[in-house]
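**Q** coords below, sequence missing:
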């Protein structure tokens, strides 16, 4: 799975493709990733088999995929195409390396229903309009927009482009998740949580396990622990103050829980981080500081 | 100057800093870039000299900068801090390397007036809220938001965060620029352009030279030429069809103008691109030399 936090795109080309009746074409840029948004019309995309396509569908082609396209005689395809490269930009205390992504976890074809389809059509048009080749920053905004779109498509629980149906349940879960994320320095029981969001405890537990992969309590502890780690790495606050900032009444409880989750004490973790940071494998920090 | 199209951020930490009366601190993470948004309060930031700071100001610290901070006794500082790394992710036919950015071209302190200041305060709060550590994708949206903000701050002519005053003139120029960018396949004189936007020809020329660095006609030709280059690189359309797609009535005129701007014929350019693409090491291409 791609580390979304490190996702970086390079857009090669954005093109509006209003095709004519009976238009055919072969996929040219098989070394890039391609997204097609089909605004309207009908046609056939042929890889090792033939897929009928129509307005409201998004098509994703991984690098390497050979494909032929054809428009319907009566309702030719109207499409926006985005040709792009994507990579994970490695970071581990300092920048490491660019790791090209061979394939995104997107379906080859995905149909969207009326409302989402309209919204996506507008987003692709907007992306097309905002792309200006050969201009300082002229690819940046569309790259940010496309990255945001891929974020929603790849992690549907975080966005609004997910599958339809059970929408209110998904939204409720989303609100609980956000609440847990922003209330990392507070304590509450799962019963209080369920009551606050008018969901049953068992449903909340089941939903969380299904979409987040852990219980709400575990997720809350995880986020709290991550905040503690960031305080330890990037601030010089004493452990006692960090315990308080993360919602622990007693430094003792914080240290015990931190050790349980990280296998090392808070101050041990801080020393370990400082040592890793001092180590100079890439010579990059030295370079930065020389200016 | 940073190539904005290749800008990539890694957010280390986002922190809300409600300080208390008489609070003092030393900048800890001098190996990163730091942005402070001051929501309210007063204080002193001290580098080699002392700078009074107050609500509505943004402060940017380049890596390496030593700084002390102090809050006013009566109106302590309320701030949002973002600690981040930034780099250019090289791309030249294929990915090349990560080039850390030593310093962004931002002022150390920048005050904003009422409306912009309110809007920026909300953006920093939103950035803070959307940052969730230790979660798949939990840094991506704030990274995209911060990249968008830096785009506006670094290229003020493209955004809405630029300096105030003469706003309507800047907006008019922006509309002309967008029109030229989207109408790359159309022809018009500068008189038609001035008339369409109710600006005088001389003012239009002067403004364009000042902010874009070339005449409107030159900018239009540049964008058109970039589109032609993209068609040549990424499509297999015959040159005649590309000439038409870029708004040339005659293939002959297109070829002549392309050769003038690129020092090579359209088909020569296409062959050269194909050869560079086939070649293993990513060498210098004609593309980078175009400006």
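**A** Looks like it came in fine. Please read these numbers as outputs of a predicted model, since none were measured by experiment. Numbering: from 1, shown residues only, chains lettered A, B, ... in the order given.

**Q** just checking, residue A:140 touches residue B:7?
**A** Yes. Residue A:140 is within contact range of residue B:7, at 6.4 Å (criterion: C-beta atoms under 8 Å). C-beta: built from backbone N, CA, C; applies to glycine.

**Q** Overlap of the contact sets of the two?
**A** B:147, B:151 (C-beta atoms under 8 Å, 6 or more residues apart in numbering or on different chains).

**Q** what pLDDT, on average, does stretch A:219-238 get?
**A** The average pLDDT within stretch A:219-238 is 95.

**Q** For the residue of the stretch 51-200 of chain A found nearest chain B, the count of nearby residues, please.
**A** Closest to chain B within the stretch 51-200 of chain A is residue A:134: 3.2 Å, counting by C-beta to the nearest C-beta. Residue A:134 has 18 neighbouring residues, counting by other C-beta atoms under 10 Å in any protein chain shown.

**Q** Spell out the secondary structure type for it.
**A** Classification of residue A:134 using DSSP: H, G, I helix; E, B strand; the rest coil returns coil.

**Q** before we move on, what about residue A:60?
**A** strand.

**Q** the helices in chain A, which residues?
**A** Secondary structure of chain A (DSSP state H): helices located at A:114-130, A:140-154, A:167-182, A:190-196, A:201-211, A:216-234, A:239-245, A:251-262, A:266-278, A:284-290.

**Q** okay, the ones you listed in a markdown table with mean neighbour count next?
**A** Formatted as a markdown table, the helices of chain A follow (neighbours: other C-beta atoms under 10 Å in any protein chain shown):
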| stretch | mean neighbour count |
| --- | --- |
| helix A:114-130 | 16 |
| helix A:140-154 | 21 |
| helix A:167-182 | 16 |
| helix A:190-196 | 14 |
| helix A:201-211 | 15 |
| helix A:216-234 | 20 |
| helix A:239-245 | 18 |
| helix A:251-262 | 16 |
| helix A:266-278 | 14 |
| helix A:284-290 | 14 |
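
**Q** Take the ones you listed and lay them out in TSV including distance to chain B.
**A** TSV is the format used below for the helices of chain A (distance: least, C-beta to the nearest C-beta, whole Å):
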stretch	distance to chain B
helix A:114-130	6
helix A:140-154	5
helix A:167-182	5
helix A:190-196	17
helix A:201-211	12
helix A:216-234	3
helix A:239-245	9
helix A:251-262	11
helix A:266-278	8
helix A:284-290	5
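
**Q** could you dump the ones you listed to a markdown table with distance to residue B:181?
**A** Formatted as a markdown table, the helices of chain A follow (distance: least, C-beta to C-beta, whole Å):
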| stretch | distance to residue B:181 |
| --- | --- |
| helix A:114-130 | 9 |
| helix A:140-154 | 12 |
| helix A:167-182 | 37 |
| helix A:190-196 | 49 |
| helix A:201-211 | 41 |
| helix A:216-234 | 41 |
| helix A:239-245 | 48 |
| helix A:251-262 | 51 |
| helix A:266-278 | 44 |
| helix A:284-290 | 35 |
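
**Q** weakest of the ones you listed in terms of mean pLDDT?
**A** Among the helices of chain A, helix A:284-290 scores lowest, with a mean of 40.

**Q** Can stretch A:67-81 be said to contact chain B?
**A** No. Against chain B, stretch A:67-81 shows no contacts by C-beta under 8 Å from any C-beta of the partner chain, the least distance being 9.6 Å.

**Q** Quick one: end-to-end distance for that stretch.
**A** One end of stretch A:67-81 to the other measures 14 Å (C-alpha to C-alpha, to the nearest Å).

**Q** list the buried ones in that stretch?
**A** A:67, A:69, A:70, A:71, A:72, A:76, A:77, A:78, A:79, A:80, A:81 (16 or more other C-beta atoms under 10 Å in any protein chain shown).

**Q** Those residues in strands, which ones?
**A** A:69, A:70, A:71, A:78, A:79, A:80, A:81 (DSSP state E).

**Q** my read: the fourth one touches residue A:42, true?
**A** No. Residue A:78 is not in contact with residue A:42 according to C-beta under 8 Å; the separation is 10.5 Å.

**Q** before we move on, back to that, including pLDDT, could the buried residues of stretch A:67-81 go into TSV?
**A** Listed next are the buried residues of stretch A:67-81 as TSV, based on pLDDT from 0 to 100:
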residue	pLDDT
A:67	97
A:69	97
A:70	97
A:71	97
A:72	96
A:76	97
A:77	97
A:78	97
A:79	97
A:80	97
A:81	97
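
**Q** Let me know the closest of those residues to residue B:51.
**A** residue A:80 (48.0 Å; C-beta to C-beta).

**Q** which residues touch the closest one?
**A** Residue A:80 touches A:14, A:15, A:16, A:17, A:36, A:37, A:39, A:124, A:125, A:127, A:128, counting by C-beta under 8 Å, 6+ apart.

**Q** pLDDT score assigned to the second one?
**A** Just to be clear, that refers to residue A:15. 95.

**Q** for the fifth one, same thing?
**A** Reading off the per-residue confidence, residue A:36 sits at a pLDDT of 98.

**Q** That one and residue B:145: what is the separation?
**A** 27 Å (C-beta to C-beta, to the nearest Å).

**Q** again with the fourth one
**A** Between residue A:17 and residue B:145 the distance, using C-beta to C-beta, works out to 31 Å.

**Q** again with the first one
**A** According to C-beta to C-beta, residue A:14 stands 22 Å off from residue B:145.

**Q** count of neighbours near residue A:10?
**A** 19.

**Q** End to end on stretch A:129-149, go ahead and measure it.
**A** For stretch A:129-149, the end-to-end distance is 16 Å (C-alpha to C-alpha).

**Q** Check what contacts that stretch and list those residues.
**A** So stretch A:129-149 is contacted by A:7-11, A:14, A:35, A:82, A:84, A:123, A:126-128, A:161, B:1, B:3-5, B:7, B:140-141, B:144, B:147-148, B:151, B:154-155, B:158, B:181-182, B:222-223, B:225-227, B:229-230, B:290-291 (C-beta under 8 Å, 6+ apart).

**Q** Now do residue A:22, the pLDDT please.
**A** 89.

**Q** what sits against it?
**A** Here residue A:22 is in contact with A:70, A:71, A:73, A:76 (C-beta under 8 Å, 6+ apart).

**Q** can I assume the last one is in contact with residue A:23?
**A** Yes. Counting by C-beta under 8 Å, residue A:76 touches residue A:23, with 6.0 Å between them.

**Q** list the residues that contact both of these two?
**A** Common neighbours of residue A:76 and residue A:23 (C-beta under 8 Å, 6+ apart) do not exist.

**Q** Pick out whichever of the contacts of residue A:80 sits closest to residue B:97.
**A** Distances from residue B:97 to the contacts of residue A:80, taken by C-beta to C-beta, are shortest for residue A:14, at 25.4 Å.

**Q** who's the closest one bridged to?
**A** residue A:82 (DSSP bridges).

**Q** so it touches residue A:79, yeah?
**A** No. Between residue A:14 and residue A:79 there is no contact under C-beta under 8 Å: 11.4 Å.

**Q** in stretch A:107-115, what counts as buried?
**A** residue A:112.

**Q** What is the end-to-end distance of that stretch?
**A** 20 Å.

**Q** excluding its backbone neighbours, what's nearest residue A:112?
**A** residue A:56 (5.4 Å; C-beta to C-beta, 6 or more residues apart in numbering or on different chains).
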